[in-house]
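Trainee: fold the stuff below for me.
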Amino acid sequence: EEPAKEATAKEVIKDMKVRKALSLAVDRNAIVEEVTKGGEMPATGYIPPGVHDSKGNDFRETSGDFGIDPTGADAEEAKRLLAEAGFPDGEGFPTIEILYNTNDQQKAVAEAIQEMWKQNLNINATIANQEWGVFMENRFQGNFEISAGAWFGDYSDPMTFLDMYTSYSGNNVAFWTNEEFDKALEDSKILHGAERDEKLYKAEELMMGDSIVMPLFYFTSPLKVQKRVSDW
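Mentor: Model prediction:
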């Protein structure tokens, strides 16, 4: 008897080509314009705008977009990668699950991604929500296939984001191990200026190259201001 397709889903997403296809098939601009609607910026990398290197360059602008189009999905490239991974036009691809914490916006984003994957890759995804405590426990135990996630920097430097994914980090919920990544960050701790910058740029390049995260958008903090308030 053939096993249920869902049973193989976690194995399937271990393939970097599959992960990259899933990322490229998402229309980030549609998510921020039609779903979140809070002035968010589509994400083309892990480090957000506003973080700078030693020369004052914006890290995000300098590091590049890793092939992610902020204006829409790259469906053709996503389909090509999925076919290379053995699933032409989504054929034989198992149903995968998107896990998110109970939140109306998270639900809407998950539903949008679910539809984009169906439309652009012809694959099926289910969505599941959990209350915060249970959700976080399952993330840290690796009990998920695709999980929502976010991080707010503790200080204005790329390291506050990058060091989450060292092989020994307690925040590495991707359970990703890359010795070159670990060494780049360790080396950066004893370097200054351009030499340190080089190691940090290399680290982001490595994690994005393996598609261990699927950046969607950078958060904003919308405010309402009374019309009678001026010069603020």
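Trainee: I96 is in contact with A125, correct?
Mentor: Yes: A125 is within contact range of I96, at 5.2 Å (criterion: C-beta atoms under 8 Å). Placement of C-beta: from N, CA and C, glycine included.
Trainee: what is in contact with those two at once?
Mentor: Residues touching both A125 and I96 (C-beta atoms under 8 Å, 6 or more residues apart in numbering): I146.
Trainee: mind telling me what element E205 is part of?
Mentor: helix 193-209 (DSSP states H and E).
Trainee: okay, now the unreliable bits of this protein?
Mentor: Low-confidence segments of the chain (pLDDT under 70): 1-8.
Trainee: which parts of it are helices?
Mentor: Applying DSSP state H to the chain gives helices spanning 9-12, 16-24, 28-30, 59-63, 75-84, 104-121, 132-141, 159-162, 179-188, 193-209.
Trainee: reformat these as CSV; add mean neighbour count.
Mentor: Listed next are those as CSV, based on neighbours: other C-beta atoms under 10 Å:
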stretch, mean neighbour count
helix 9-12, 16
helix 16-24, 22
helix 28-30, 19
helix 59-63, 18
helix 75-84, 18
helix 104-121, 18
helix 132-141, 14
helix 159-162, 19
helix 179-188, 16
helix 193-209, 18
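Trainee: can I get those in CSV with distance to G39?
Mentor: Shown next, in CSV, are the helices of the chain (distance: least, C-beta to C-beta, whole Å):
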stretch, distance to G39
helix 9-12, 34
helix 16-24, 23
helix 28-30, 13
helix 59-63, 17
helix 75-84, 26
helix 104-121, 14
helix 132-141, 25
helix 159-162, 21
helix 179-188, 32
helix 193-209, 24
